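J.: below is the structure, and that's it, no one-letter string:
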Ligand code: PMP
């Protein structure tokens, strides 16, 4: 009887009312007119009315639906009206004062009502809902349940197919709609398991044992707080904010936890196949409306049951009403939800849900274990560090196959016995250029012990042999799995505690697990580690070995220590940055072994962790490190090599420690040589932080006060930005030169001697935009004519990074008077240089000596030369040209596909991707760029917004970056742009 009602109702066709008939209804009964737009619905008919009085939703449903239920909805909307934290539509009374009209249209009995329209949009279209949005859904659901906890109405007692209490019988009834035998039995099987888990016996707080289902609190709930029914709008930061909840059509009194199960199930088709995406929702719900343990345990089984109901109802609906596009579209989502919901064991999600709110699975009662390897009790094991910081790993040797086993074998050969640590994130399992977390967390211990070592049952149980050759001993509460053991008893044998079960032969792996039916992996990802750890506890006690990983420093606490000691103006990337302690080539690796693609580090030209750098520094440090007033070979050799790279006219080098220092010195050289003080610099540029270098820096991204705080000797000229500057395009050169002429004329008029002009020869701050053609030729000539010196700041763009040429000024066909360089020169070793002509260098002598204590030290010089050697040996200049060329092409292809991508600047490994909202106005897409960078980080890529409007991805990776990494980066960029920003 009950099921018949459910199915009958689920299969009724919707009401047939034309837009004209709907307009007539509105006119007659509400006195409203305007335009109608149909809104999708599975069973009812919904129209949006745009009228002079505002926007409304006209809802029409079949007259055989109980009016009492609709009245309950209206009462609930009124009840919720007194809860300001929740925004829900108001009911608009008809002219006769009634909230609900029961009418006859073309012989159909219909219920008609009118509600407020809530501005905004549902997020159904978003492929990816991140943790913030998931939490938004969970919080809203918690607030709704809290607000409805005291709401009562006779219309709430109803029979509805979405009521989780009927899920099991409904599933069985609807199963025949699935034609495919395999699919049908899969659904039947998971539904059965879900039912068993909701009906299982579970302990209550007061230690009474009762079925889980009977412990679940019951109240009025919305039952459909999903991506379809929550309306959102973006704020100024382009973060989505909830505007309100709509569609109270499923309002019912049932288990409170059903509400969250419905919300969570809806998140699963926005989850990139990760069921753990629901955890922020659970956490946020629990924070506003605490859940009982029985509810937490029932949640995942209810989500799985919901997934089965969704698929079956969807199939049923499509079979009845094949032309309903709304139902057809939904069916794909419903299958995706089912696929994700059944991709992990129930036990894992139950542990994860408990863990998300700080609870744990009930402890295992037991009288202790017998030793697994009794012959080795008390013997010393070498515990081998296989973690991210392990001294055994260098120069990428962790990428060798089976390296962990080899290290254990070597240690065993030296010490007799060796073991890995349970729960120590393994560096060898890191995965470069991957958008997903690697499974680095070991849920087992690997041991190297003599072959033939006896293995005994740590507890009583039955021995099984798995397909992969592992042995499994199933006790009443725990199973132990063993690899590398030859059994001495037959499979199926019941063993007593302490009975010999076999002998070690080769490498031994030991894994403990709650439950024989679980088939846990040997490794899991960091975000699943806590949940798997609850199911696969450490086997340390079986082994009598303190082999658990040392607890890691809490990254939050470490960040707090940084903030409390390291001056705050020195910012860090990301609000919640990963802790990075190792790098290799063009990747950075966090403490959990995740590799991030490094697209930021123009300093580490050779890539991270280069063994040549380590060796060079170690060797020179062990010989000598001192200052340049001593006589040693490296300083002459390095200076000669730099001059060999510079234009022929240059014959003198200064060695310093940074780009700022180099630019400061260059300004002083200009002062000394010209006898003047006044400097021209281009707007929107950055040259360093020291007093002099900062004076000529005007980038507001680096210093918001830059424009108002220039000293009077600095004269900024218009930023020659051909893309978004005051003058645009390739013909803008004369316009930009005019700004220089104007400033020079002013100085001449005031009889002030010009000192010089400083500029990046490729517009670095704006992502490597080429200067207007011929700009530097004309400007350098004007500056020199007025007695000034031309400084090329090559700190970012020089040294072959641009691919096409070694120095940036080559693009403009000019030769400066002074080159400044730093960053990549030392691959991270503090190293900068000023290269110039003798007469300019010697001019400084009128002011005294120049000395920089660590500038040109033996270590710095050796490193500087090794950097040049490696760049040559590893063909990094060629790489910048070839892979960089491919990079630019791939980025340029995005311009056509995505309106947000305005332009690609630069060349080689110095590229700028400029994001804009409008191709005419070039309105900078600042907030979108920030969101893009945050999302890229989730996908394993470090990228930051730069430029004065923070709307440019300044792409300047290590010069060892490969084609694979470039393709990964561009693919991920496209993926995020597809997801919508
Ligand atoms: N000039 C330019 C163009 C730079 O980009 C920078 C650093 N971002 C500097 C100078 C200053 O270099 P440093 O940080 O080594 O002092």
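T.: Ah, there it is. This structure is a prediction, so every number in the text was calculated from the model and none was measured. Numbers count the residues shown, from 1 in each chain.
J.: for the one residue in the stretch 701-850 of the chain that gets nearest to the ligand, give me its contacts.
T.: When distances are taken as CB to the nearest ligand atom, the stretch 701-850 of the chain reaches nearest to the ligand at residue 795, 3.6 Å away. In short, each C-beta sits where N, CA and C put it, glycine included. Applying CB atoms under 8 Å, 6 or more residues apart in numbering to residue 795 gives the contacts 659, 662-663, 687-688, 760, 820-823, 832.
J.: one more pass at 6 Å, please.
T.: With contact set as CB atoms under 6 Å, 6 or more residues apart in numbering, residue 795 has these partners: 659, 822-823.
J.: quick check: which of these are also close to the ligand?
T.: Judged by CB under 6 Å from any ligand atom, the overlap between the contacts of residue 795 and the neighbourhood of the ligand comprises 659, 822-823.
J.: and stretch 129-146, how far out from the chain middle?
T.: Going by CA atoms, centre = their mean, to the nearest Å, the spacing between the C-alpha centre of stretch 129-146 and its chain's C-alpha centre is 20 Å.
J.: check which residues of that stretch are buried.
T.: Of the residues in stretch 129-146, those scored as buried under the neighbour-count criterion (16 or more other CB atoms under 10 Å) are 129-130, 133-146.
J.: also stretch 350-368?
T.: Neighbour counts over stretch 350-368 (16+ other CB under 10 Å) mark 350-357, 361 as buried.
J.: give me the mean pLDDT for that stretch.
T.: Averaged over stretch 350-368, pLDDT sits at 89.
J.: and stretch 835-851, by the same measure?
T.: If you average the pLDDT over stretch 835-851, you get 94.
J.: then stretch 51-64?
T.: 94.
J.: can you give me the neighbour number for the residue in the chain positioned nearest to the ligand?
T.: Closest approach between the chain and the ligand, counting by CB to the nearest ligand atom: residue 659, at 2.3 Å. Neighbourhood size, residue 659 [other CB atoms under 10 Å]: 26.
J.: and it, what does it touch?
T.: Contacts here follow CB under 6 Å, 6+ apart; on that basis residue 659 touches 688, 795, 822, 832.
J.: count of neighbours near the first one?
T.: The local packing of residue 688 (other CB under 10 Å) involves 25 other residues.
J.: quick one on the thing from earlier: identify the farthest-apart pair in the buried residues of stretch 129-146.
T.: Pairwise distances across those peak at 24.7 Å for 130 and 146 (criterion: CB to CB).
J.: part of a strand, is residue 671?
T.: No - with the criterion set as DSSP: H, G, I helix; E, B strand; the rest coil, the secondary structure at residue 671 is helix rather than a strand.
J.: grab the nearest non-local neighbour of it.
T.: Leaving aside its chain neighbours, residue 671 sits nearest to residue 755 (5.1 Å; criterion: CB to CB, 6 or more residues apart in numbering).
J.: just residue 56 next, same as before
T.: Spatial nearest neighbour of residue 56, chain neighbours left out: residue 49 (4.6 Å); criterion: CB to CB, 6+ apart.
J.: wasn't the one you found part of a helix?
T.: No - remark: residue 49 does not belong to a helix; assigned using three-state DSSP, it is strand.
J.: can you pull the contacts of it?
T.: Residue 49 makes contact with 34, 36, 56, 58, according to CB under 6 Å, 6+ apart.
J.: ok, which of these also contact the ligand?
T.: Counting by CB under 6 Å from any ligand atom, the subset of the contacts of residue 49 that neighbours the ligand is empty.
J.: which of the residues you listed lies closest to residue 613?
T.: Within these, distances to residue 613 taken as CB to CB reach their minimum at residue 56, with 68.7 Å.
J.: which residues of the protein lie near the ligand?
T.: Contact residues (CB under 6 Å from any ligand atom) of the chain with the ligand: 658-660, 663, 686-688, 760, 764, 793, 795-796, 822-823.
J.: min pLDDT across those residues, which one?
T.: pLDDT is lowest at residue 764 among these; the value there is 89.
J.: run a quick neighbour tally on it.
T.: Neighbours of residue 764 (other CB under 10 Å): 29.
J.: rounded mean pLDDT for the longest strand seen in the chain, please.
T.: For the chain, the strand reaching the highest residue count under DSSP state E is reported as strand 500-513. On average, the pLDDT along strand 500-513 is 96.
J.: beta-bridge partners for residue 465, please?
T.: For residue 465, the beta-bridge assignment (DSSP bridges) gives partners residue 471.
J.: that one against residue 491, yeah?
T.: Yes - Residue 465 sits in contact with residue 491 when judged by CB atoms under 6 Å, with a separation of 4.5 Å.
J.: and which of the ones next to the ligand among the contacts of residue 795 is nearest to residue 209?
T.: Of all these, the one with the least separation from residue 209 (CB to CB) is residue 823, at 67.2 Å.
J.: measure the closest one to residue 598 for me?
T.: Relative to residue 598, residue 823 is positioned 14 Å away (criterion: CB to CB, to the nearest Å).
J.: over to residue 661?
T.: 25 Å.
J.: remind me, longest helix of this structure?
T.: Once the chain is assigned using DSSP state H, the helix that runs over the most residues is helix 293-320.
J.: where does pLDDT dip in the stretch 1-150 of the chain?
T.: Low-confidence segments of the stretch 1-150 of the chain, defined by pLDDT under 70, are located at 1-12, 41-42.
J.: again, only using 50
T.: Along the stretch 1-150 of the chain, the parts satisfying pLDDT under 50 run over 1.
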